[in-house]
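> When you get a sec, could you give me coordinates for this:
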Amino acid sequence: MSGGISFKNDSYWSAAGWAYRAVLESLCEVLSRNNSFGLLEELSEENGSARIIDYIETDEWPDERVSAFCKAIIDAFAHTDAAGPVGWNDPGAFEGFIQHYKKLVEIAEFECSKRS
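The predicted model follows:
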């Protein structure tokens, strides 16, 4: 199973389920320190679409909320990249994960630039 994040104008990022959930966990960690626009509650809700169907759709979100989400993606990536493969069962998979996560960061940077 895979997971995905959808933005307006057909911007979409998808990943293997384990990678999506790793990104989601890193986002929740960042948002636990700075929970803008109730994002932590939505992304950590056990019965929410982010967890049940591994899908986040931002199409209907106001621009300010999308911007906060994009900034959280960028911050979570930086934290994850700096931490390295700590706690990974297969540290060799970390580099591929980070490269794919970087693609999400590129989408987030583009989405933030449209809303600035």
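
> Do you have the helices of the chain handy? List them.
All helices of the chain, identified by DSSP state H, fall at 17-31, 39-44, 49-52, 63-83, 94-115.

> Can you check which of these gets nearest to Ile5?
With CB to CB, the closest approach to Ile5 among the helices of the chain belongs to helix 94-115: 6.8 Å. (Each C-beta comes from the backbone N, C-alpha and C, glycine too.)

> So which bits of the closest one are buried?
For helix 94-115, the neighbour count (16 or more other CB atoms under 10 Å) marks 94, 97, 100-101, 104-105, 107-108, 111-112 as buried.

> Name the residues that touch that helix?
Under the contact criterion CB atoms under 8 Å, 6 or more residues apart in numbering, helix 94-115 has outside partners 5, 7-8, 11, 13, 15, 19, 22-23, 63-64, 66-67, 69-71, 73-74, 77, 80-81, 84-85, 88.

> Show me how far that helix is from its chain's centre.
With CA atoms, centre = their mean, to the nearest Å as the basis, helix 94-115 stands 9 Å off its chain's centre.

> Equivalent analysis for stretch 36-45, please.
12 Å.

> what's it in contact with?
With CB under 8 Å, 6+ apart as the test, stretch 36-45 has contacts from 24, 27-28, 31-32, 35, 48, 50-51, 56, 64-65, 68-69, 71-72.

> Could you give me the buried positions within that stretch?
For stretch 36-45, burial by neighbour count (16+ other CB under 10 Å) applies to 37, 39-40, 42-44.

> could I get the residues you listed as TSV with pLDDT and distance to Met1?
Below are the buried residues of stretch 36-45 laid out as TSV (pLDDT from 0 to 100; distance: CB to CB, whole Å):
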residue	pLDDT	distance to Met1
Phe37	75	28
Leu39	91	23
Leu40	90	24
Glu42	89	20
Leu43	91	18
Ser44	89	19
